[in-house]
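Enquirer: just to be clear, the model below is a prediction. Sequence and coordinates:
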Amino acid sequence: MTIISAGTAEGGQELLSRSELTAKELLREVGSVLRLSETEAALLAEVQTEAPEDQTMIINMGPQHPSTHGVLRLMLELQGETVLRCKPIIGYLHTGMEKTGEALTYMQGGTNVTRMDYLSPLNNELVFSLAVEKLLGIDGDIPERAVWMRMLLSELNRMSSHLLFLATNGMDLGAVSMMLYGWREREDVLRFFQKVTGLRMNHNFIRPGGLAADLPAGWRDDVLAILEGLPSRLEEYDILMTGQPIWRERLQGVGVITAQEAIALGATGPILRSTGVAWDLRRDMPYLHYDKMEFDVIVGQYGDAYDRYSIRFNEIRESMRIVYQVLENMPSGDFRIQNKKVTPPPRARIDESMEALIHHFKIFTEGFKVPEGEVYVSIESPRGEIGCYIVSDGSSNPYRMHVRAPSFVNIQTMPHMMRGGLVADAVAVISSVDPVLGEVDR
Amino acid sequence: MSDSADTMENAVETQHGCPVQDSHGQRVLHASRDQYVSVIKALADEGYEMCVDLTGVDYLAMPQRTIGFDIQAERFEVAVNLLSLSQRKRIRVRVQVPADDCTMPTLFDIHPGTEAHERETFDMFGIVFTGHPDMTRILMPEDWDGHPLRKDYSQGSIPVQFKGANS
């Protein structure tokens, strides 16, 4: 098969200077096709024409910049301190994880997907497992305890991810003490994860068919300790940041995006909710037992960085509400499906049964076969909709495993949020989008 | 009844002229390349206002696959996942792309959010989206040879190609 690369303009990925662009290309680039209102479009045209070439400068922010949250490179066109255009350039962390996913069995796939969004690894594992279970046709047979355990871990993970957001958001805006507090609180959650899964991150704990192990003895007390310690600290941070005039000045009215723009750009999660669109997959297209949970979807109004900060802050409290309900309802029983096809035999059986030993060996070397088909499953990760599109050819490896990473899509909103703002606000914007470059580049 | 087969044929559900398939409870439309843009446009008008995902699949290693509905299976396929926020529904549009003419019209004018997805699909599969404002590589370096997620692009056999690197 010939490689079809002739006739494709594989030009530079970089931001071109104004003289190299036609007016139409320029307008397209800044998203004039976003069905903006006429007044907004007129404002846009003014910004465009009032920038002669000799007054503007294109500078690189990143890939090695402390506030770009990893290896994100932004090319900014500046006039003085005003950002006229911005182009995110990504791929510095690309390691071909989707290609790797095709070489790993469904059994091993969790180790791969968990490393994509390294701040919410359990959500990645969950969406992968749900997709595989749907292809296997066992999505309705997962034991109750496994479902509730998945919800527990998923919500604790959301809390740890948002706590880290508070930390980095504080650091980016000069509230360095918040950074230390945020990391400290997150560490409490990670310590619980370490106790349960053996690892602080990249757990590979949620697997097709259920989970890798049951919760350890004393888990309930550990969770309660986290839940009881957090509210008073969150109140402190509310005083430290939310009510503080400097904090408000830095965030309010910065990086504004409208609901129309967010929907057109496919932005999900706190970015979409900050514009006033109440969309949370946990409520609107429930998975696991979220339809039985009582929680509020936090919605903003102005679509600015302050709304996105407040939404994440309050989502920690909502997640705590859900965790309390999970604690109340956690049933006893099996933590994984008793289906010989996908579940390895228990350790004790291996010592006494030859068949169990062979079965154990085969399931870990060959994996299990998944019937032909294709499926797209999505859940609400802390950053938005994370989706998993799996095509199976009937073998034990996915034929194609694609992950719809929320950060990859959300990064597209940055040029819109930064347009016309200051460089210092650009830092606030990056921080408020909360991208994880591991999942952007995969 | 002699014409029961015919009525069975006619009973295939269609939407905007495309056959509808049920894939594990998910609604899938099989559109042709000519229908593609107009179908996505019609679906957008119908309430599928967000394009959440667009990706490609290389079916080189599955030459015997059949789709049904008298659709010719081609080497590449583009799968578009649409979401309706107002009606809380999803739909997937699958389009066959032949290997000897690896092009697709862009969705940029309907869903600007597909900008990054189309670049990624181009980068990984070499499917060119005509009309896209910036059809360049997004994840791989711009001077990279080949498209990594194709099935004839093997893992681990390519020497490191970075600019100025000692080989």
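Expert: Noted; the coordinates are in hand. Residues are numbered from 1 along each chain as shown, chains lettered A, B, ... in the order given.

Enquirer: can you give me the strands for chain B?
Expert: B:14-15, B:18-23, B:26-31, B:50-58, B:76-84, B:89-97, B:103-105, B:128-130 (DSSP state E).

Enquirer: for chain A, find the nearest of those strands.
Expert: Chain A lies closest to strand B:50-58 among those, at 4.2 Å (CB to the nearest CB). C-beta coordinates here come from the backbone N, C-alpha and C atoms, glycine included.

Enquirer: now the angle from that closest one to strand B:76-84?
Expert: Angle of strand B:50-58 versus strand B:76-84, following axes from the mean of the first three to the mean of the last three CA atoms, to 10 degrees, is 160 degrees.

Enquirer: in TSV, list the strands of chain B along with mean pLDDT, distance to chain A and mean neighbour count.
Expert: Compiled in TSV, those are given as follows (pLDDT from 0 to 100; distance: least, CB to the nearest CB, whole Å; neighbours: other CB atoms under 10 Å in any protein chain shown):
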stretch	mean pLDDT	distance to chain A	mean neighbour count
strand B:14-15	82	18	14
strand B:18-23	86	6	16
strand B:26-31	89	7	20
strand B:50-58	91	4	25
strand B:76-84	92	5	23
strand B:89-97	91	6	20
strand B:103-105	91	9	19
strand B:128-130	90	5	17
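
Enquirer: tally of neighbours for the residue in chain B positioned nearest to chain A?
Expert: Chain B approaches chain A most closely through B:G113 (3.1 Å), counting by CB to the nearest CB. B:G113: 26 surrounding residues under other CB atoms under 10 Å in any protein chain shown.

Enquirer: how about it, phi and psi?
Expert: Here is the backbone geometry of B:G113 (degrees, to the nearest 10): phi -70, psi -10.

Enquirer: kindly report the same for A:Y324.
Expert: Main-chain dihedrals, A:Y324, degrees, to the nearest 10: phi -60, psi -40.

Enquirer: next up, the contacts around it.
Expert: A:L227 (CB atoms under 8 Å, 6 or more residues apart in numbering or on different chains).

Enquirer: same question, A:L240
Expert: A:A175, A:S177, A:M178, A:Y181.

Enquirer: can you tell me how far the most far-flung residue of chain A relative to its centre is from chain B?
Expert: Farthest-out residue of chain A from its mean C-alpha position, per CA atoms, centre = their mean: A:E352, at 44.0 Å. A:E352 is 38 Å from chain B, where distance means CB to the nearest CB, to the nearest Å.

Enquirer: on that earlier part again, the residue of chain B closest to chain A reaches A:A264, doesn't it?
Expert: Yes: between B:G113 and A:A264 there is a contact under CB atoms under 8 Å: 6.1 Å.

Enquirer: so which bits of stretch A:165-179 are buried?
Expert: Neighbour-count burial for stretch A:165-179, counted by 16 or more other CB atoms under 10 Å in any protein chain shown, picks out A:F165, A:L166, A:A167, A:T168, A:N169, A:G170, A:M171, A:D172, A:L173, A:A175, A:M178, A:M179.

Enquirer: any weak-confidence spans in chain B?
Expert: Low-confidence segments of chain B (pLDDT under 70): B:1-11, B:156-167.

Enquirer: quick test: name the residue nearest the centre of it.
Expert: B:V78 (1.1 Å).

Enquirer: and the helices in the stretch 151-300 of chain A, which stretches?
Expert: Secondary structure of the stretch 151-300 of chain A by DSSP state H, counting those that start in this stretch: the helices cover A:176-197, A:219-237, A:245-251, A:259-264, A:270-274, A:281-284.

Enquirer: a markdown table for those, including mean pLDDT and distance to chain B?
Expert: What follows is the helices of the stretch 151-300 of chain A, written out as a markdown table (pLDDT from 0 to 100; distance: least, CB to the nearest CB, whole Å):
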| stretch | mean pLDDT | distance to chain B |
| --- | --- | --- |
| helix A:176-197 | 91 | 29 |
| helix A:219-237 | 91 | 30 |
| helix A:245-251 | 89 | 25 |
| helix A:259-264 | 87 | 5 |
| helix A:270-274 | 92 | 9 |
| helix A:281-284 | 90 | 5 |
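
Enquirer: what's the closest of these to A:I411?
Expert: Closest to A:I411 of the helices of the stretch 151-300 of chain A, according to CB to CB: helix A:270-274, at 10.4 Å.

Enquirer: can I get the closest one in CSV, CA atoms only?
Expert: The C-alpha trace of helix A:270-274 is given here as CSV (Å, rounded to 0.1, in the frame of the first residue of the first chain):
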residue,chain,number,x,y,z
PRO,A,270,-16.1,23.1,33.9
ILE,A,271,-15.4,25.2,30.8
LEU,A,272,-18.8,24.5,29.3
ARG,A,273,-20.5,24.8,32.7
SER,A,274,-18.9,28.1,33.4
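
Enquirer: backbone dihedrals for A:I142, please?
Expert: phi -70, psi 130.

Enquirer: neighbours around it, how many?
Expert: What A:I142 shows, counting by other CB under 10 Å, is a neighbour count of 23.
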